[in-house]
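>>> Pasting a predicted model and its sequence here:
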Amino acid sequence: MADFVGAVDQGTTSTRFMIFDHGGNVVGMHQLEHEQILPQAGWVEHNPVEIWDRTTTVIATALRQANLSATDLAALGITNQRETAVVWNRRTGRPYYNAIVWQDTRTDRIASALERDGKGDVIRRKAGLPPATYFSGGKIQWILENVEGVREAAERGDAVFGNTDSWLLWNLTGGADGGVHVTDVTNASRTMLMDLETLSWDDELLSFFNIPRAMLPEIRPSSDPNRYGVTRAGGPVGGEVPLTGDLGDQQAATVGQVCFSPGEAKNTYGTGNFMLLNTGTELVRSNNGLLTTVCYRFGDQAPVYALEGSIAVTGSAVQWLRDQLGIIRQASDSETLAAQVNDNGGVYFVPAFSGLFAPYWRSDARGAIVGLSRYNTNAHVARATLEAICYQTRDVLDAMNSDSGVALDVLKVDGGITANNLCMQIQADVVGVPVSRPVVAETTALGAAYAAGLAVGFWKNTDELRENWNESQRWQPSWTQEQRDEGYARWKKAVQRTLDWVDVD
């Protein structure tokens, strides 16, 4: 068998290709950013053609730089930004419209109407999700209703939908020349269209959005021994490699963090923050604003479920400091600037740029910086930005503890912001438990590689994957309980200032 497994990690701001050995070590990687298209307030789009071009480049470059070829890869997995909707023509391969990104809020009226018409409770019961702009169903409906010719093309069977995993799988396996139209259970569980119990598209849910069933991809396991397809010889991989792993990015990170037992949780710090708690084969309904979602499904085994707390803006708040305010040159400068002060100086920043996700689910909220005085500097704003990441995590962790009855002994973390030591120390201080980062912090791609490798026997079982996990660093809480309580109470006051800012019908 070949010695390596590859993984495409198609994220919100960039696409990377990573190559792992049997020990879960990185042996090759290349990454490229893509454009963030912001046509108007609340709208966020990506160009699917640019994403596919970036994918072909990062795959070919990573293989070349590692001096490897298709014959060195036992399998290939994909992980992706979830909920970001692409609708394209299956005959030509051309998208009808830009990808509508998970952060986009143009579908707020669709979500509000579902709630107003009494359909929200049905969506919660069947799909485990609240009606929200976050998920794919409303985005598909918007494209069908607002882009000329798409509704007719969908009725003919020409217009098809997928999250970015489906778009890439289709292109990697031939595109208009025989590409496979598939997704996995984790991505399907983020659409508001799949029944969590049957793991199939639900006709009642489809009727809520007036979406033709023929548009939708086939739902497959996250790790599939029957493989979705093979890469085309003329494509970026340069040969035929089995495509056997597909997971939404946060579920992939959960697999990469080897959270295979009920009660194990991880928190990924990326463009947004996403905490997942493995609840095993039991569907746990949230009473505290969390999502019930599929965690993974390996082959023909029973699906494993999770509770999830999704936060829209964390790492992208640091990007905002860099790109919009211009107070830092690069994201890593946020740590240096914030470290110039010992505390936030009374400043709290709630980055509700696209509303608030878990546990609030308030699309009417907008960002606010509160508590400013003439004493404050850009260092206090930088510190407040890092604290906002940590306080939003505290919001979700408290809700998760209430739903599950399980208090975490340690918070497993991964993602780019975990390289910010000050932010991770603040995180330990805010939540009051140790924070642990693994050696391989980019666990999203690793999880996709694990899913792909398990399907072809590259790894025998999940016990073998656990042996690969090693801690890189641990941060211990240093705040007193009084500091923790006071800071969190002020955070909650700041959140209240952001609500009812936008009128939502």
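That came in fine, so what should we check first?

>>> thought residue 337 was touching residue 328?
Yes. Counting by Cβ atoms under 8 Å, residue 337 touches residue 328, with 5.9 Å between them. For glycine as for every other residue, the C-beta is placed from the backbone atoms N, C-alpha and C.

>>> where do the contact lists of the two overlap?
residue 382 (Cβ atoms under 8 Å, 6 or more residues apart in numbering).

>>> ok, residue 241 touching residue 72?
No. Using Cβ under 8 Å, residue 241 is not in contact with residue 72, being 9.3 Å away.

>>> between these two, what contacts are shared?
Counting by Cβ under 8 Å, 6+ apart, residue 241 and residue 72 have no contacts in common.

>>> More neighbours: those two, which one.
A direct count of neighbours by other Cβ atoms under 10 Å for residue 241 and residue 72 places residue 241 higher, at 27 against 19.

>>> what's the spacing between that one and residue 5?
Distance, residue 241 to residue 5, by Cβ to Cβ, to the nearest Å: 9 Å.

>>> shared neighbours, those two?
Common neighbours of residue 241 and residue 5, counting by Cβ under 8 Å, 6+ apart, are 73, 75, 76.

>>> Considering those, which possesses the most neighbours?
Compared across the shared contacts of residue 241 and residue 5, residue 76 has the highest neighbour count, 30 neighbours, by other Cβ under 10 Å.

>>> Tell me which of the shared contacts of residue 241 and residue 5 fall in strands.
Using DSSP state E, the members of these that fall in strands are 73, 75, 76.

>>> what does stretch 373-385 contact?
Residues outside stretch 373-385 that contact it (Cβ under 8 Å, 6+ apart) are 317-318, 321, 325, 327-328, 334, 337-338, 340-341, 343-349, 351, 369.

>>> Please check the residues you listed and keep the buried ones.
317-318, 321, 327-328, 334, 337-338, 341, 344-345, 347-349, 351, 369 (16 or more other Cβ atoms under 10 Å).

>>> Tell me which stretches of the stretch 351-500 of the chain form helices.
378-404, 421-431, 443-455, 462-466, 481-498 (DSSP state H, counting those that start in this stretch).

>>> Just the mean pLDDT for the fourth one, thanks.
Put plainly, it is helix 462-466. Average pLDDT, helix 462-466: 94.

>>> for the last one, same thing?
The predicted model gives helix 481-498 an average pLDDT of 96.

>>> so how many other residues sit close to residue 240?
Residue 240 has 15 neighbouring residues, counting by other Cβ under 10 Å.

>>> Residue 82 is in contact with residue 249, isn't it?
Yes. Using Cβ under 8 Å, residue 82 is in contact with residue 249, at 6.2 Å.

>>> ok, now which ones touch residue 212?
154, 155, 206.

>>> Got a quick PyMOL command for the buried subset of those?
Applied in PyMOL, the following selects the buried portion of the contacts of residue 212 according to 16+ other Cβ under 10 Å:
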select buried, resi 154+206
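
>>> residues contacting residue 475?
421, 424, 425, 427, 428, 434, 435.

>>> For the spatially closest residue to the third one that is not a sequence neighbour, give its distance to residue 459.
Spelled out, that is residue 425. Leaving aside its chain neighbours, residue 425 sits nearest to residue 475 (5.0 Å; criterion: Cβ to Cβ, 6 or more residues apart in numbering). To residue 459, residue 475 is 30 Å away according to Cβ to Cβ.

>>> In TSV, list the shared contacts of residue 241 and residue 5 along with pLDDT.
Shown next, in TSV, are the shared contacts of residue 241 and residue 5 (pLDDT from 0 to 100):
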residue	pLDDT
73	97
75	97
76	98
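
>>> a markdown table for the residues you listed, including distance to residue 128?
Formatted as a markdown table, the shared contacts of residue 241 and residue 5 follow (distance: Cβ to Cβ, whole Å):
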| residue | distance to residue 128 |
| --- | --- |
| 73 | 34 |
| 75 | 29 |
| 76 | 29 |
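
>>> Only alpha carbons, please: show whichever strand or helix holds residue 28 as PDB.
Per DSSP states H and E: residue 28 is located in strand 26-33. In PDB, the C-alpha atoms belonging to strand 26-33 read as follows (Å, rounded to 0.1, in the frame of the first residue of the first chain):
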ATOM      1  CA  VAL A  26       2.500  16.400   7.900                       C
ATOM      2  CA  VAL A  27       4.900  15.600   5.100                       C
ATOM      3  CA  GLY A  28       3.600  18.100   2.500                       C
ATOM      4  CA  MET A  29       1.300  21.200   2.400                       C
ATOM      5  CA  HIS A  30       0.400  24.100   0.200                       C
ATOM      6  CA  GLN A  31      -2.200  26.800   0.800                       C
ATOM      7  CA  LEU A  32      -3.800  29.700  -1.100                       C
ATOM      8  CA  GLU A  33      -6.400  32.300  -0.200                       C
END
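
>>> can you start the count at 58 instead of 1 from here on
With the count now opening at 58, the last piece we talked about shows up as strand 83-90.

>>> so what's residue 113 up against?
Residue 113 is in contact with 292, 293, counting by Cβ under 8 Å, 6+ apart.

>>> Run the angle between the one helix or strand it maps to and strand 83-90 for me.
Using DSSP H and E, residue 113 falls within helix 105-122. Computed by axes from the mean of the first three to the mean of the last three Cα atoms, to 10 degrees, the angle separating helix 105-122 from strand 83-90 equals 150 degrees.

>>> in helix 105-122, what's buried?
Using 16+ other Cβ under 10 Å as the burial criterion, the residues of helix 105-122 that qualify are 105-109, 111-113, 115-120.
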